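Participant: Generate coordinates for the sequence data below:
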Amino acid sequence: MANGFTTLRLGLLFVLVVLASAGPPALQLAGAPLLAVLFILDGVDGYVARRRNEATEFGALYDIAADRLVEYVLWIVACDLGFVAVWVPILFCTRGVLVDLIRTHFARHGQTPFGMMHTRLGRWLVAGRFMRIGYAAVKMLAFGWIFLLLPIPELYPSAWRQWASPALAVLNALVGLAAVLCVARGVPVIVDAVLALRASRGSGAPSEVRPASEAHRRGARPAGAPPIVRHGAARPDGVTAGE
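Facilitator: Below you'll find the predicted structure:
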């Protein structure tokens, strides 16, 4: 059932995309409420998995993949609609791919996503609850503001002429803050990864991921392997906007 909620979330995402891209303005008024449901479902799937004891490795990976798809698609749609510049989705997608790649590499060596952070500032920026929730909240507000503004020019042209400038200023502030937090939370991961790889080379410790054993390829987990992240547990990037 938990994976069903994740699938429902992806289905609603693409309904939202069609609505924003080709829907009549009157129907586009439903965009912001639909977006709210999308974000609520992000927490429901993990809760259901824990309550029904349905946590699986696939469920955890499926949930993380859905988070990434929701965020990336929403930024791309916002760019296509003309609300954000093209560098915005490029920035968020690049940062997300690089950080996930680094964390996957270190997870194979027993490092947790937040445990690999070695500096106090890095831990606060990346693993701190305040920063994780704040980053997700800023992105959700930015997406919500976009879908609130989308039908206004067609439905209420006189109001849009009067309020367009301050409304877009609020949007630019939210997007700018989200971009700053995106970089601020991504750079420490990259810096710590580079330092760790240099240190491992200097000490002669292996820094590359070794080929999987035959038993691992068949699905058996070798002794001493790091714990599997379960559906509904802490995610590699903390709380997301659909991250």
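
Participant: which SSE is the closest residue to L13 other than its chain neighbours in?
Facilitator: In space, and not counting its chain neighbours, L13 is closest to V70: 5.5 Å by CB to CB, 6 or more residues apart in numbering. Just so you know, the C-beta spots here come from the backbone N, C-alpha and C atoms, and that holds for glycine as well. Per DSSP states H and E: V70 is located in helix 57-80.

Participant: so the helix or strand just after that helix versus helix 57-80, what angle?
Facilitator: Downstream of helix 57-80, the next assigned helix or strand under DSSP H and E is helix 87-107. Relative orientation of helix 87-107 versus helix 57-80 (axes from the mean of the first three to the mean of the last three CA atoms, to 10 degrees): 160 degrees.

Participant: list the helices and strands helix 87-107 packs on?
Facilitator: Applying 3 or more CB pairs under 8 Å, 6 or more residues apart in numbering; DSSP states H and E, one finds that helix 87-107 contacts helix 57-80, helix 157-203.

Participant: can I get the ones you listed in a markdown table with mean neighbour count?
Facilitator: As requested, the helices and strands packed on helix 87-107 are arranged in a markdown table below (neighbours: other CB atoms under 10 Å):
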| stretch | mean neighbour count |
| --- | --- |
| helix 57-80 | 19 |
| helix 157-203 | 15 |
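
Participant: Would you reformat those helices as TSV and include distance to A142 and mean pLDDT?
Facilitator: Below are the helices and strands packed on helix 87-107 laid out as TSV (distance: least, CB to CB, whole Å; pLDDT from 0 to 100):
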stretch	distance to A142	mean pLDDT
helix 57-80	8	89
helix 157-203	4	91
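
Participant: In a markdown table, list these along with distance to L35.
Facilitator: Listed next are the helices and strands packed on helix 87-107 as a markdown table, based on distance: least, CB to CB, whole Å:
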| stretch | distance to L35 |
| --- | --- |
| helix 57-80 | 8 |
| helix 157-203 | 14 |
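
Participant: of these, which approaches M117 most closely?
Facilitator: Nearest of the helices and strands packed on helix 87-107 to M117, taken as CB to CB: helix 157-203 at 5.8 Å.
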